[in-house]
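Colleague: After the sequence you'll find the predicted model.
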Amino acid sequence: MEQLELDLNSKEETAPNVEALAAIYIKIRDVVRDKEKQHKAEMKELKDQLETVSTRLLDICNEQNADSIRTAAGTISRRVQSRYWTNDWESMYAFIEEHAAPFLLEKRIHNGNMKEFLEENPDVLPVGLQSDRKYVIQVRKPSAK
């Protein structure tokens, strides 16, 4: 796609009008989406190749019972990676409370749920709650007739 040379700050009559800007917006957005799809496909292929090589290197480490192997190209390290989750949140919350261990949870607020809660409880506001709201632009293609 050609680089668009636009003076969007110009107040002159040659500045693009709203209709032209909407068309430009859609054209750029579509190119961005196409490039993102292409990039995603290329990245998947590379990640699949990387996983294949990683699996083979792990097999070699397992065969040699080695946690690291030094090569001229780089040192290969085998380590244990842990991931934890629960299928019983009620019990997990009770466990965290019993052991005074709130640090076991990540500190973040679910945006959609907080928005809904605040809409349903306009007079209740948690201490320290901060928010950021801004207008964003969305341009849709005209519907085909």
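Modeller: In hand now; what should we look at?
Colleague: Just list the residues touching residue 118, thanks.
Modeller: With contact set as CB atoms under 8 Å, 6 or more residues apart in numbering, residue 118 has these partners: 124-125. (Glycine included, C-beta is placed from N, CA and C.)
Colleague: Are we agreed that residue 50 is in a helix?
Modeller: Yes: assessed by DSSP: H, G, I helix; E, B strand; the rest coil, residue 50 belongs to a helix.
Colleague: That one: neighbouring residues, count only.
Modeller: The number of residues packed near residue 50 is 10, by other CB atoms under 10 Å.
Colleague: And it, what's its pLDDT?
Modeller: Model confidence at residue 50, expressed as pLDDT, equals 93.
Colleague: That one and residue 44, how far apart?
Modeller: Noted for residue 50: a distance of 11 Å to residue 44, by CB to CB, to the nearest Å.
Colleague: same check, this time on residue 77
Modeller: Distance from residue 77 to residue 44, counting by CB to CB: 25 Å.
Colleague: And for residue 18?
Modeller: 39 Å.
Colleague: how about low-confidence regions in the chain?
Modeller: When residues are selected by pLDDT under 70, those of the chain lie in 1-14, 145.
Colleague: Now do the helices in it.
Modeller: Counting by DSSP state H, the chain has these helices, from start to end: 18-64, 89-98, 111-120.
Colleague: out of those helices, nearest to residue 137?
Modeller: When the helices of the chain are compared by CB to CB, helix 18-64 sits nearest residue 137, at 7.3 Å.
Colleague: just checking, what packs against the closest one?
Modeller: Counting contacts by 3 or more CB pairs under 8 Å, 6 or more residues apart in numbering; DSSP states H and E, helix 18-64 is packed against strand 75-77.
Colleague: thinking again about what came up before, looking at the helices of the chain, which is closest to residue 129?
Modeller: Smallest distance to residue 129 across the helices of the chain (CB to CB): 7.9 Å, for helix 111-120.
Colleague: Convert the closest one to PDB, retaining C-alpha atoms only.
Modeller: Listed next in PDB are the C-alpha coordinates belonging to helix 111-120 (Å, rounded to 0.1, in the frame of the first residue of the first chain):
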ATOM      1  CA  ASN A 111     -12.900  -4.500  33.500                       C
ATOM      2  CA  GLY A 112     -16.200  -5.800  32.200                       C
ATOM      3  CA  ASN A 113     -17.400  -6.900  35.600                       C
ATOM      4  CA  MET A 114     -16.200  -3.700  37.300                       C
ATOM      5  CA  LYS A 115     -18.100  -1.600  34.700                       C
ATOM      6  CA  GLU A 116     -21.200  -3.600  35.200                       C
ATOM      7  CA  PHE A 117     -20.900  -3.400  39.000                       C
ATOM      8  CA  LEU A 118     -20.500   0.400  38.900                       C
ATOM      9  CA  GLU A 119     -23.500   0.700  36.600                       C
ATOM     10  CA  GLU A 120     -25.600  -1.400  38.900                       C
END
